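In: A predicted structure for the sequence below; I have some questions about it.
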Amino acid sequence: MSREEQQSAESLLQVRDLVKHYPIREGIFVPREVGRVRAVDGVSFNVHESETLALVGESGCGKSTTGRLILRLIATTSGQIDFMGHDLIQVGKRALRTVRRDLQIVFQDPYASLDPRLRVEDIIAEPLESFGLLPRRKERRERVHELLHEVGLSSYHADRYPHQFSGGQRQRIGIARALAVEPKLIVADEPVSALDVSTQSQIINLMQDLQERHGLSFLFISHDLTVVKHIAHRVAVMYLGKIVEIADKQSLYRTPHHPYTQALLSAVPKPDPSAHRQRIILKDDVPSASRIPTGCRFHTRCPLADAICREQEPPLKEVAGGHHAACHFASPFPIPVHDRPTMPGVETSVPIRQNIR
Ligand code: SF4
């Protein structure tokens, strides 16, 4: 099935105006709310069947919180999450338990996410027991062996403990555990960021193979645009709790419309070290999520900011087929930030080649 056909198919997951605010309270005897940390501030996107949607952004942009809200590991402030026809925010505990079988997670840290006291067999079999699947021990053991082979490990690994494995092998065990109940969607929260580069590519290849074999969908949360380029079909870029650009991978990497995406992409290393690269270095740090700037939330760092940017928040609008960007000046033919005539506040580094000399 082509990507276009897949995208027109009914979405597996629909997220609408998702909000997570944490109140800031002061006062000992009568605490009162004095502000809010707007961790996720109105996020909407779909994930289609057999698709990988990457959620990317700097640390603290709200991408992991979004993943945890979808899994209902934390309560939402408002919004709507529809997964395979179930409203995950309204659904009761019993129904949520059933839905969870189709919605699994792979955690970032392969060292902390596995119980060191359990053998691999017990770790992988745990979701099977929890959902009352394969009640006979012999069947569960066979299923665990099958899963170990699926993720590139062997049957004899079932009797070992997590500390006897490398980081990459542990992440394979985490993936086998998520696969055990045959989910439809896996939220992968920075699944390769704790691994070295060669192991990263092995895990990415494994995830792609599993997607092909089982028609899995992934919500792939990452800060690394190089990794995302290999695995994602579509990419959503988050900044301070909002999606500022979302598009097909090809469209986003070839023609980024939002100045923030352009800056992020300018930092991605090129395979050819002699290639000319102009790095866009943004001024200032990311503002606090408890003091989000008015208007466009990126205006304090944006090299193209104008008066309107300080007053009006730009909507996420379609700038090309299926390509949306939240910028007042987004157009179908964007000029890269470093090619624009006036760039107050932007620093453009010299080409790498000159640096080496
Ligand atoms: Fe920059 Fe203005 Fe566009 Fe925001 S709306 S990204 S501040 S140009």
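Out: That came through, no problem.
In: For L252, see how far away the residue in the stretch 151-300 of the chain positioned nearest to the ligand is.
Out: Closest residue of the stretch 151-300 of the chain to the ligand, CB to the nearest ligand atom: C296 (3.1 Å). From N, CA and C alone the C-beta is placed, and that goes for glycine too. Relative to L252, C296 is positioned 19 Å away (CB to CB, to the nearest Å).
In: Ramachandran angles for the residue of the stretch 51-200 of the chain found nearest the ligand?
Out: Residue nearest to the ligand within the stretch 51-200 of the chain (CB to the nearest ligand atom): G57, separated by 14.2 Å. Main-chain torsions, G57, degrees, to the nearest 10: phi 160, psi 170.
In: Contact residues of this structure facing the ligand?
Out: Proximity of the chain to the ligand, by CB under 6 Å from any ligand atom, involves residues 258-259, 296, 298-299, 302, 304-306, 309, 314, 327-329.
In: In JSON lines: these, plus neighbour count.
Out: Shown next, in JSON lines, are these (neighbours: other CB atoms under 10 Å):
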{"residue": "H258", "neighbour count": "29"}
{"residue": "P259", "neighbour count": "29"}
{"residue": "C296", "neighbour count": "25"}
{"residue": "F298", "neighbour count": "25"}
{"residue": "H299", "neighbour count": "20"}
{"residue": "C302", "neighbour count": "23"}
{"residue": "L304", "neighbour count": "20"}
{"residue": "A305", "neighbour count": "20"}
{"residue": "D306", "neighbour count": "13"}
{"residue": "C309", "neighbour count": "22"}
{"residue": "P314", "neighbour count": "20"}
{"residue": "C327", "neighbour count": "24"}
{"residue": "H328", "neighbour count": "17"}
{"residue": "F329", "neighbour count": "18"}
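In: Pick out the most distant pair among the residues you listed.
Out: With CB to CB as the measure, no two of these lie farther apart than H258 and D306, at 14.8 Å.
In: got the buried residues for stretch 177-189?
Out: R177, A178, L179, A180, V181, P183, K184, L185, I186, V187, A188, D189 (16 or more other CB atoms under 10 Å).
In: right, I mislabeled it, should have said stretch 290-298
Out: So, applying 16+ other CB under 10 Å, buried residues of stretch 290-298: I292, P293, G295, C296, R297, F298.
In: In strands only, show me the buried residues of stretch 177-189.
Out: L185, I186, V187, A188, D189 (DSSP state E).
In: quick one: which of the residues you listed is nearest M207?
Out: A188 (7.2 Å).
In: number of nearby residues for D41?
Out: Around D41 there are 21 other residues, counting by other CB atoms under 10 Å.
In: Check P303 too.
Out: 21.
In: What pLDDT is listed against it?
Out: On pLDDT, P303 comes in at 90.
In: so where does it fall, helix or strand?
Out: For P303, there is no host helix or strand (DSSP states H and E).
In: Over to D41?
Out: With DSSP H and E as the criterion, the answer for D41 is strand 32-47.
In: same thing with P271?
Out: Going by DSSP H and E, P271 is not in any helix or strand.
In: which residues of the stretch 151-300 of the chain fall in helices?
Out: In the stretch 151-300 of the chain, the helices defined using DSSP state H, counting those that start in this stretch lie at 167-179, 197-214, 225-231, 249-254, 259-266.
In: buried residues in the fourth one?
Out: Spelled out, that is helix 249-254. So, applying 16+ other CB under 10 Å, buried residues of helix 249-254: K249, S251, L252, Y253.
In: how about the strands of the stretch 251-357 of the chain, start to end?
Out: With strands called from DSSP state E, counting those that start in this stretch, the stretch 251-357 of the chain shows them at 280-281, 317-320, 323-325, 347-348.
In: Distance from the third one to the middle of the chain?
Out: If I follow you right, that is strand 323-325. Centroid separation between strand 323-325 and its chain, computed with CA atoms, centre = their mean, to the nearest Å, is 17 Å.
In: And the average pLDDT for that strand is what?
Out: pLDDT averaged over strand 323-325 gives 96.
In: Identify the residues contacting it?
Out: With CB atoms under 8 Å, 6 or more residues apart in numbering as the test, strand 323-325 has contacts from 244-248, 251-252, 255, 257-258, 261, 316-319.
In: Closest to R97 out of those residues?
Out: I246 (31.1 Å).
In: I'd like to know how many residues surround that closest one.
Out: 25.
In: Can you tell me the closest non-neighbouring residue to it?
Out: A236 (4.2 Å; CB to CB, 6 or more residues apart in numbering).
In: Look at the one you found and report its pLDDT.
Out: The predicted structure lists A236 with a pLDDT of 98.
In: Check whether it really touches K249, as I assumed.
Out: No - applying CB atoms under 8 Å, one finds A236 not in contact with K249, separated by 10.9 Å.
In: now the stretch 251-357 of the chain, which segments are flagged as low pLDDT?
Out: Residues of the stretch 251-357 of the chain that meet the criterion pLDDT under 70 lie in 273, 275-277, 333-357.
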